[in-house]
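Asks: fold the following and give me the result.
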Amino acid sequence: MKPVRTHTFNGVKYLVTIDRLDGLCSTHKLEREIIILADLDTRAGLETAVHEALHACCWSKGEDKVTITAKDLARFLWRLGWRRIKGK
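Replies: Numbers count the residues shown, from 1 in each chain. You can find the predicted model right below:
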């Protein structure tokens, strides 16, 4: 697979560098629910998951902004080779 060197997010082109990755996300709020009615084995399913996650992270952002951002992120992750592992 050809390495991803750039990607456009929300109309702005970024240089992509893959290096060590570390991250943490912690929340102590009341339990919420995300419902995804899409096949997670497809790019559309990935986009739906990202879209709903963005809503969960940024309720103040409008639907248009969330939709554009989710499409950009899902396309980027798909190009990097992210796929659902069967049975997970």
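Asks: low-confidence bits of the protein, can you list those?
Replies: For the chain, the stretches flagged by pLDDT under 70 are 1-2, 9, 12, 16-36, 87-88.
Asks: and the helix or strand where Phe76 lies, what does it pack onto?
Replies: If you go by DSSP states H and E, Phe76 is part of helix 63-80. Applying 3 or more CB pairs under 8 Å, 6 or more residues apart in numbering; DSSP states H and E, we find helix 63-80 packed against strand 6-9, helix 43-57. All C-beta spots, glycine's among them, are computed from the backbone N, C-alpha and C.
Asks: now render the ones you listed as a markdown table, adding distance to Arg84 and mean neighbour count.
Replies: Formatted as a markdown table, the helices and strands packed on helix 63-80 follow (distance: least, CB to CB, whole Å; neighbours: other CB atoms under 10 Å):
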| stretch | distance to Arg84 | mean neighbour count |
| --- | --- | --- |
| strand 6-9 | 21 | 12 |
| helix 43-57 | 7 | 17 |
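Asks: for Glu63, find the nearest of those.
Replies: Of all the helices and strands packed on helix 63-80, the one in closest proximity to Glu63, counting by CB to CB, is helix 43-57 (8.7 Å).
Asks: circling back: can you lay out the helices and strands packed on helix 63-80 as a markdown table showing distance to Asp72?
Replies: Shown next, in a markdown table, are the helices and strands packed on helix 63-80 (distance: least, CB to CB, whole Å):
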| stretch | distance to Asp72 |
| --- | --- |
| strand 6-9 | 5 |
| helix 43-57 | 9 |
